[in-house]
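Enquirer: can you look at this prediction? I've put the sequence above it.
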Amino acid sequence: MNNDGTACGYGILIGVIGFLSCIIFLILDARFENLSSIKIRKRIVVSDMVFSFAWSVVWFLIFCYNANEWRKTSAEIEAKSEAYLIRISLAFTFFSIITWSMIGLLNFLRYRQGVSDIFENGYEDPNQENIPTEPYHQAPFNNNFNTDMGYQANY
């Protein structure tokens, strides 16, 4: 745009960093239920929330920068067939603002829900109800052999 490569370069750089961070947070979300530490769970949700809101602000700045560069373009460049690339770039940055803001909002709601549910209790074993509650009478393996049955241990 207007012989200024930084307008597209910023968008590409922020897009790649955002994509890589999405992969990292997706892996953390997949492993979230297996984490027993409440502090680690809370840090993951808070960092995802802060990053999402910060990234929506970064996309807003790139949108403003691209819109300013588009405003400066001459009628000759707008008449060329390459003008649609500028519009696509503006549309992508605009929808990125909305997308990252919604991700941040969902993480905020997850944090608020987690304050009462997820972060309150530690890890609970899902098989807790299968544990026998009656007292344990005899060890399954001991050195008391019943010699009446004809079995003797070879030592």
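Expert: Sure, I can see it.

Enquirer: was I right to think Arg8 contacts Ser89?
Expert: Small correction: residue 8 is Cys, not Arg. Yes - counting by C-beta atoms under 8 Å, Cys8 does reach Ser89; the two are 6.9 Å apart. C-beta: built from backbone N, CA, C; applies to glycine.

Enquirer: what about Gly104, which SS state?
Expert: helix (DSSP: H, G, I helix; E, B strand; the rest coil).

Enquirer: surely it and Ser47 touch.
Expert: No - using C-beta under 8 Å, Gly104 makes no contact with Ser47, being 11.5 Å away.

Enquirer: the two: which is more packed in?
Expert: Gly104 (20 against 15; other C-beta atoms under 10 Å).

Enquirer: which one's more surrounded, Cys8 and Ser89?
Expert: Neighbour tally, Cys8 and Ser89, criterion other C-beta under 10 Å: the higher count belongs to Ser89, 21 against 16.

Enquirer: just the buried residues of the helix or strand harbouring that one, please?
Expert: Counting by DSSP states H and E, the element that carries Ser89 is helix 83-116. Neighbour-count burial for helix 83-116 flags 86, 89-90, 93, 96-97, 100-101, 103-104, 107-108, 110-111, 114 (criterion: 16 or more other C-beta atoms under 10 Å).

Enquirer: does anything pack onto that helix? Which helices or strands?
Expert: Under the contact criterion of 3 or more C-beta pairs under 8 Å, 6 or more residues apart in numbering; DSSP states H and E, helix 83-116 touches helix 6-30, helix 38-71.

Enquirer: quick one: mean pLDDT over it.
Expert: Helix 83-116 carries an average pLDDT of 85.

Enquirer: residues touching the nearest residue to Ser96 once chain neighbours are set aside, list them.
Expert: Setting aside the residues directly before and after it, Ser96 is nearest to Trp59 in space (C-beta to C-beta, 6 or more residues apart in numbering), at 4.3 Å. Shown in contact with Trp59 (C-beta atoms under 8 Å, 6 or more residues apart in numbering): 14, 93, 96-97, 100.
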